[in-house]
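A.B. asks: Pasting a predicted model and its sequence here:
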Amino acid sequence: MNKKEVFYLSLTIFLTVVAWVIIEIYKIDVAIKMEKAVVVNNKKINLDMSIINELKTKKDYDLQ
Amino acid sequence: MTDHLNKEKIILGLTKEKLRDYSYFIAFFLIFAFFIFFVIRPNLKSIFEANLKIEKLKKENNFYEYQIENIVNIQEKFIKFRNDLSLIDNAITSKPEVNQLINDITKTVQKNQFVIENFSLSNLNLKDVSRNDALKTILFSLDIIGIFPDFVSLINKVHQQKRLKLIKAATITKEVNKNLIISTESAQFSTNSSNLKINLLIEGYYL
């Protein structure tokens, strides 16, 4: 193996490692963006207690 | 002598600029690739993963904050209406308590001067003991005879009762007495108080 071949081999290794790192970081970055884009549906529970006031007006049969 | 010449050739060859450059680049690429893989990559990865975790935790925090707020609101309302919560239990009982429904309906009907012709109930499964919180219904079908003002009063009375009931449908037909010959004068009076045959579908509820 002459020096030129070793040079290309080392260049390939270097580029592969760089590409690998870039892809890995890109994947995490996309996941962060996806996480930001997904909106959590926070449902506010509101109990309508007006039914209690309605029920207060009602009577037992015997008292009608 | 030849050995000596070879050594000199090799030293001369190594000092050539072209070869020196290759050696430098090979060393640079290999060392830097190693450095990227074992030093830069883990650090970068941990930074981005930390950001991802921060985003996820922000969302979870937001979600739990909302839930806590909901619980506090509900608790506040329950405390405020604690004494009146039994009204809901009375309105929609946990057991069918059909006798109470029948009693309410028949007595209200009779009190409003109606004659009950037919009274049946359906949609009741006493064997069903599943404790799901879905609302269950009992359907009563009533054929009654009476006059319209009393019918209005009956609807109001049923509406005012503590045990919730829904009048799902009411079919009103005029009762015609074929044997009766009505004079024009008496016919004018008979329009207000003529008997109506009413079919009522009343729904009662339990949990």
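C.D. replies: Noted; the coordinates are in hand. Numbers count the residues shown, from 1 in each chain, chains lettered A, B, ... in the order given.
A.B. asks: Any stretches of chain B with poor pLDDT?
C.D. replies: Applying pLDDT under 70 to chain B picks out residues B:1-5, B:12-21, B:126, B:128-131, B:175-193.
A.B. asks: hey, where'd the helices end up in it?
C.D. replies: Assigned by DSSP state H, chain B shows helices spanning B:2-15, B:17-35, B:41-80, B:85-91, B:98-111, B:148-160, B:184-193.
A.B. asks: got those as a markdown table, with mean neighbour count columns?
C.D. replies: The way it works is simple: take the backbone N, C-alpha and C, and place the C-beta from them, glycine included. Below are those laid out as a markdown table (neighbours: other C-beta atoms under 10 Å in any protein chain shown):
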| stretch | mean neighbour count |
| --- | --- |
| helix B:2-15 | 9 |
| helix B:17-35 | 14 |
| helix B:41-80 | 13 |
| helix B:85-91 | 14 |
| helix B:98-111 | 17 |
| helix B:148-160 | 16 |
| helix B:184-193 | 9 |
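A.B. asks: Name the nearest residue to the residue nearest the centre of chain B, ignoring sequence neighbours.
C.D. replies: By C-alpha atoms, centre = their mean, chain B has its centre lying nearest to residue B:134, at 10.4 Å. The shortest distance from residue B:134 to any non-neighbouring residue, by C-beta to C-beta, 6 or more residues apart in numbering or on different chains, is to residue B:207 (7.9 Å).
A.B. asks: and what of residue B:32?
C.D. replies: residue A:14 is the one closest to residue B:32 (C-beta to C-beta, 6+ apart), at 6.2 Å.
A.B. asks: Burial check on that neighbour, number of neighbours?
C.D. replies: Residue A:14 is flanked by 21 other residues according to other C-beta atoms under 10 Å in any protein chain shown.
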